[in-house]
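**Student:** what follows is a predicted protein model with its sequence.
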Amino acid sequence: EDKVVQSPLSLVVHEGDTVTLNCSYEVTNFRSLLWYKQEKKAPTFLFMLTSSGIEKKSGRLSSILDKKELFSILNITATQTGDSAVYLCAPNSGGGADGLTFGKGTHLIIQP
Amino acid sequence: GAGVSQSPRYKVAKRGQDVALRCDPISGHVSLFWYQQALGQGPEFLTYFQNEAQLDKSGLPSDRFFAERPEGSVSTLKIQRTQQEDSAVYLCASSFSDRNYNEQFFGPGTRLTVL
(Lines give C-alpha, C1' and ligand atoms only; values in the text may rest on other atoms or scores of the structure.)
Protein backbone atom coordinates (compact mmCIF):
# COMPACT_ATOMS: atom_id res chain seq x y z
CA GLU A 1 0.00 0.00 0.00
CA ASP A 2 1.29 3.45 -0.94
CA LYS A 3 2.33 5.58 2.00
CA VAL A 4 2.99 9.32 2.29
CA VAL A 5 4.09 11.02 5.49
CA GLN A 6 4.36 14.76 5.78
CA SER A 7 6.00 16.62 8.60
CA PRO A 8 5.45 18.66 10.53
CA LEU A 9 1.67 18.37 10.53
CA SER A 10 1.42 21.98 11.61
CA LEU A 11 3.84 24.86 11.87
CA VAL A 12 3.50 28.42 13.15
CA VAL A 13 6.20 30.95 12.25
CA HIS A 14 6.59 34.70 11.95
CA GLU A 15 6.61 36.66 8.74
CA GLY A 16 10.05 36.68 7.20
CA ASP A 17 11.07 33.29 8.55
CA THR A 18 12.17 30.44 6.30
CA VAL A 19 10.36 27.12 6.53
CA THR A 20 11.11 23.63 5.31
CA LEU A 21 8.31 21.14 4.82
CA ASN A 22 9.04 17.46 4.52
CA CYS A 23 7.45 14.63 2.58
CA SER A 24 8.55 11.01 2.70
CA TYR A 25 6.90 8.36 0.59
CA GLU A 26 6.73 4.70 -0.28
CA VAL A 27 4.98 4.03 -3.57
CA THR A 28 5.20 1.35 -6.21
CA ASN A 29 6.49 2.38 -9.62
CA PHE A 30 7.20 5.96 -8.68
CA ARG A 31 6.70 8.40 -11.57
CA SER A 32 6.72 11.88 -10.09
CA LEU A 33 5.93 13.85 -6.96
CA LEU A 34 3.65 16.86 -6.89
CA TRP A 35 3.30 19.64 -4.34
CA TYR A 36 0.04 21.53 -3.93
CA LYS A 37 -1.02 24.52 -1.84
CA GLN A 38 -4.52 24.36 -0.42
CA GLU A 39 -6.16 27.39 1.09
CA LYS A 40 -9.88 27.33 1.64
CA LYS A 41 -10.78 25.71 -1.62
CA ALA A 42 -9.13 23.55 -4.22
CA PRO A 43 -5.48 22.52 -4.12
CA THR A 44 -3.42 24.61 -6.50
CA PHE A 45 -0.40 23.17 -8.22
CA LEU A 46 3.08 24.24 -7.13
CA PHE A 47 5.68 21.82 -8.47
CA MET A 48 6.12 18.50 -10.17
CA LEU A 49 9.39 16.69 -9.52
CA THR A 50 10.62 13.73 -11.49
CA SER A 51 14.39 13.75 -11.16
CA SER A 52 16.53 13.53 -8.06
CA GLY A 53 18.66 16.46 -7.02
CA ILE A 54 17.26 19.03 -9.41
CA GLU A 55 15.78 21.98 -7.56
CA LYS A 56 12.64 23.55 -8.90
CA LYS A 57 12.11 27.17 -8.00
CA SER A 58 9.24 29.59 -8.22
CA GLY A 59 9.78 32.90 -6.51
CA ARG A 60 10.31 32.30 -2.82
CA LEU A 61 9.33 28.64 -3.09
CA SER A 62 11.65 25.83 -4.05
CA SER A 63 11.51 22.07 -3.93
CA ILE A 64 13.82 19.14 -4.42
CA LEU A 65 13.42 15.38 -4.64
CA ASP A 66 15.63 12.56 -3.38
CA LYS A 67 14.54 9.34 -5.08
CA LYS A 68 17.15 7.27 -3.27
CA GLU A 69 16.03 8.29 0.21
CA LEU A 70 12.38 8.64 -0.90
CA PHE A 71 11.67 12.13 0.25
CA SER A 72 11.07 15.64 -0.95
CA ILE A 73 11.27 19.02 0.73
CA LEU A 74 9.49 22.26 0.04
CA ASN A 75 11.24 25.44 1.13
CA ILE A 76 9.63 28.84 1.53
CA THR A 77 11.92 31.79 2.22
CA ALA A 78 10.93 35.22 3.53
CA THR A 79 7.46 33.93 4.39
CA GLN A 80 4.42 36.18 4.09
CA THR A 81 0.96 35.90 5.66
CA GLY A 82 -0.36 34.87 2.24
CA ASP A 83 1.71 31.72 2.47
CA SER A 84 -0.57 30.46 5.22
CA ALA A 85 -2.18 27.30 3.84
CA VAL A 86 -2.06 23.53 3.92
CA TYR A 87 0.75 22.18 1.76
CA LEU A 88 0.05 18.78 0.26
CA CYS A 89 2.55 16.34 -1.13
CA ALA A 90 1.38 13.74 -3.65
CA PRO A 91 3.60 11.09 -5.19
CA ASN A 92 2.29 9.65 -8.43
CA SER A 93 2.48 5.90 -8.59
CA GLY A 94 2.16 3.89 -11.74
CA GLY A 95 1.07 0.89 -9.75
CA GLY A 96 -2.49 0.54 -8.57
CA ALA A 97 -4.77 3.56 -8.77
CA ASP A 98 -4.07 6.21 -11.33
CA GLY A 99 -4.97 8.91 -8.90
CA LEU A 100 -2.55 10.77 -6.70
CA THR A 101 -1.87 9.58 -3.17
CA PHE A 102 -1.89 12.62 -0.92
CA GLY A 103 -0.27 13.08 2.45
CA LYS A 104 -2.25 14.64 5.28
CA GLY A 105 -0.56 17.93 4.59
CA THR A 106 1.37 20.47 6.62
CA HIS A 107 -0.78 23.26 8.02
CA LEU A 108 1.42 26.36 7.86
CA ILE A 109 0.45 29.52 9.70
CA ILE A 110 2.43 32.70 9.17
CA GLN A 111 1.94 35.26 11.91
CA PRO A 112 2.47 38.95 11.14
CA GLY B 1 -14.43 27.97 -18.83
CA ALA B 2 -11.15 28.95 -17.29
CA GLY B 3 -10.97 26.11 -14.82
CA VAL B 4 -12.67 23.07 -13.37
CA SER B 5 -16.11 23.82 -12.01
CA GLN B 6 -18.22 21.80 -9.65
CA SER B 7 -21.83 22.03 -8.56
CA PRO B 8 -23.41 22.36 -6.18
CA ARG B 9 -20.79 23.97 -3.98
CA TYR B 10 -22.65 22.91 -0.86
CA LYS B 11 -25.12 20.10 -0.35
CA VAL B 12 -26.97 19.10 2.78
CA ALA B 13 -28.69 15.74 2.66
CA LYS B 14 -30.70 13.73 5.12
CA ARG B 15 -29.34 10.29 5.84
CA GLY B 16 -30.70 7.86 3.26
CA GLN B 17 -31.11 10.43 0.48
CA ASP B 18 -29.40 10.07 -2.87
CA VAL B 19 -27.14 12.89 -4.08
CA ALA B 20 -25.52 13.75 -7.41
CA LEU B 21 -22.41 15.89 -7.67
CA ARG B 22 -21.38 17.40 -10.97
CA CYS B 23 -17.94 18.18 -12.38
CA ASP B 24 -17.16 20.21 -15.50
CA PRO B 25 -13.51 19.66 -16.35
CA ILE B 26 -11.33 21.98 -18.38
CA SER B 27 -12.31 21.66 -22.03
CA GLY B 28 -10.19 19.12 -23.86
CA HIS B 29 -8.82 17.45 -20.73
CA VAL B 30 -8.68 13.71 -21.23
CA SER B 31 -8.33 12.61 -17.63
CA LEU B 32 -10.78 13.23 -14.83
CA PHE B 33 -10.39 12.27 -11.19
CA TRP B 34 -12.66 12.31 -8.17
CA TYR B 35 -11.28 12.65 -4.63
CA GLN B 36 -12.88 12.67 -1.20
CA GLN B 37 -11.40 14.97 1.43
CA ALA B 38 -12.40 14.56 5.04
CA LEU B 39 -11.80 17.39 7.48
CA GLY B 40 -8.14 17.74 8.33
CA GLN B 41 -7.03 15.08 5.85
CA GLY B 42 -5.49 15.10 2.40
CA PRO B 43 -7.70 14.22 -0.57
CA GLU B 44 -8.22 10.50 -1.10
CA PHE B 45 -8.57 9.06 -4.58
CA LEU B 46 -11.97 7.69 -5.53
CA THR B 47 -12.04 7.06 -9.27
CA TYR B 48 -10.42 7.94 -12.60
CA PHE B 49 -11.76 8.41 -16.13
CA GLN B 50 -9.87 8.53 -19.37
CA ASN B 51 -12.36 10.16 -21.71
CA GLU B 52 -15.60 8.24 -21.11
CA ALA B 53 -13.92 5.10 -19.82
CA GLN B 54 -13.77 4.55 -16.08
CA LEU B 55 -10.35 2.95 -15.81
CA ASP B 56 -10.05 2.81 -12.07
CA LYS B 57 -12.71 2.81 -9.38
CA SER B 58 -10.65 1.15 -6.70
CA GLY B 59 -11.05 4.07 -4.31
CA LEU B 60 -14.84 4.10 -4.20
CA PRO B 61 -15.64 3.24 -0.58
CA SER B 62 -18.78 1.20 -1.22
CA ASP B 63 -21.23 0.16 -3.89
CA ARG B 64 -23.35 3.16 -2.90
CA PHE B 65 -20.88 5.32 -4.82
CA PHE B 66 -21.18 5.49 -8.57
CA ALA B 67 -19.51 7.77 -11.11
CA GLU B 68 -20.03 8.31 -14.80
CA ARG B 69 -18.69 10.43 -17.64
CA PRO B 70 -20.84 9.32 -20.56
CA GLU B 71 -19.57 11.72 -23.21
CA GLY B 72 -16.04 12.09 -21.99
CA SER B 73 -16.57 15.57 -20.62
CA VAL B 74 -18.90 16.31 -17.69
CA SER B 75 -18.83 13.77 -14.89
CA THR B 76 -21.31 12.98 -12.14
CA LEU B 77 -20.56 11.32 -8.84
CA LYS B 78 -23.66 9.77 -7.34
CA ILE B 79 -23.98 8.60 -3.77
CA GLN B 80 -26.99 6.49 -2.93
CA ARG B 81 -28.55 6.14 0.52
CA THR B 82 -26.12 8.66 2.02
CA GLN B 83 -24.63 7.98 5.45
CA GLN B 84 -23.11 10.41 7.93
CA GLU B 85 -19.63 9.10 7.17
CA ASP B 86 -20.07 10.32 3.58
CA SER B 87 -19.83 13.91 4.84
CA ALA B 88 -16.73 15.37 3.19
CA VAL B 89 -15.58 17.67 0.43
CA TYR B 90 -15.66 15.96 -2.94
CA LEU B 91 -13.00 17.29 -5.28
CA CYS B 92 -12.84 16.81 -9.02
CA ALA B 93 -9.62 17.26 -10.96
CA SER B 94 -8.74 17.09 -14.64
CA SER B 95 -5.54 16.69 -16.58
CA PHE B 96 -4.86 17.14 -20.27
CA SER B 97 -2.91 13.91 -20.68
CA ASP B 98 -4.04 10.32 -20.37
CA ARG B 99 -1.79 9.73 -17.43
CA ASN B 100 -1.39 11.93 -14.41
CA TYR B 101 2.31 12.50 -14.98
CA ASN B 102 1.28 16.08 -15.41
CA GLU B 103 -0.41 18.37 -12.98
CA GLN B 104 -4.03 17.93 -12.12
CA PHE B 105 -6.23 21.00 -11.99
CA PHE B 106 -8.72 20.90 -9.16
CA GLY B 107 -12.21 22.27 -8.92
CA PRO B 108 -13.47 24.13 -5.84
CA GLY B 109 -15.15 21.02 -4.48
CA THR B 110 -18.62 20.18 -3.23
CA ARG B 111 -19.02 20.14 0.53
CA LEU B 112 -21.49 17.39 1.39
CA THR B 113 -23.04 17.31 4.84
CA VAL B 114 -25.21 14.33 5.72
CA LEU B 115 -27.47 14.88 8.71
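**Tutor:** Looks like it arrived, so ask away.
**Student:** span of stretch A:55-69 from start to end?
**Tutor:** 16 Å (Cα to Cα, to the nearest Å).
**Student:** nearest residue to the middle of chain B?
**Tutor:** B:Trp34 (3.3 Å; Cα atoms, centre = their mean).
**Student:** can you count the residues close to residue 66?
**Tutor:** Going with chain A. 13 (other Cβ atoms under 10 Å in any protein chain shown). Any C-beta I mention is one placed from the backbone N, CA and C, and that applies to glycine too.
**Student:** um, chain B though
**Tutor:** Number of residues near B:Phe66 (other Cβ under 10 Å) recorded here: 16.
**Student:** B:Asp86 versus that one, what's the distance?
**Tutor:** 13 Å (Cβ to Cβ, to the nearest Å).
**Student:** what touches both of these two?
**Tutor:** B:Ile79 (Cβ atoms under 8 Å, 6 or more residues apart in numbering or on different chains).
**Student:** now do the contacts for the residue nearest to the centre of chain B.
**Tutor:** B:Trp34 touches B:Cys23, B:Phe45, B:Leu46, B:Thr47, B:Tyr48, B:Ala67, B:Ser75, B:Leu77, B:Tyr90, B:Leu91, B:Cys92, counting by Cβ under 8 Å, 6+ apart.
**Student:** any chance of a markdown table for those, columns secondary structure and neighbour count?
**Tutor:** Formatted as a markdown table, these follow (DSSP: H, G, I helix; E, B strand; the rest coil; neighbours: other Cβ atoms under 10 Å in any protein chain shown):
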| residue | secondary structure | neighbour count |
| --- | --- | --- |
| B:Cys23 | strand | 27 |
| B:Phe45 | strand | 24 |
| B:Leu46 | strand | 23 |
| B:Thr47 | strand | 25 |
| B:Tyr48 | strand | 24 |
| B:Ala67 | strand | 21 |
| B:Ser75 | strand | 25 |
| B:Leu77 | strand | 24 |
| B:Tyr90 | strand | 24 |
| B:Leu91 | strand | 26 |
| B:Cys92 | strand | 28 |
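**Student:** closest to A:Pro91 among those?
**Tutor:** B:Phe45 (12.1 Å; Cβ to Cβ).
**Student:** please look at that closest one and B:Gly59 and confirm they touch.
**Tutor:** Yes. Proximity of B:Phe45 to B:Gly59 meets the contact threshold set by Cβ atoms under 8 Å, at 4.3 Å.
**Student:** let's verify A:Gly99: helix, strand, or coil?
**Tutor:** Here A:Gly99 is recorded as coil under DSSP: H, G, I helix; E, B strand; the rest coil.
**Student:** show me what from chain A comes close to chain B.
**Tutor:** A:4, A:31-32, A:34, A:36, A:41-45, A:48, A:50, A:88, A:90, A:92, A:96-105 (Cβ under 8 Å from any Cβ of the partner chain).
**Student:** pLDDT wise, what is the residue nearest to the centre of chain B at?
**Tutor:** As predicted, B:Trp34 sits at a pLDDT of 95.
**Student:** once you drop chain neighbours, what's closest to it?
**Tutor:** Spatial nearest neighbour of B:Trp34, excluding adjacent residues (Cβ to Cβ, 6 or more residues apart in numbering or on different chains): B:Leu46 at 4.2 Å.
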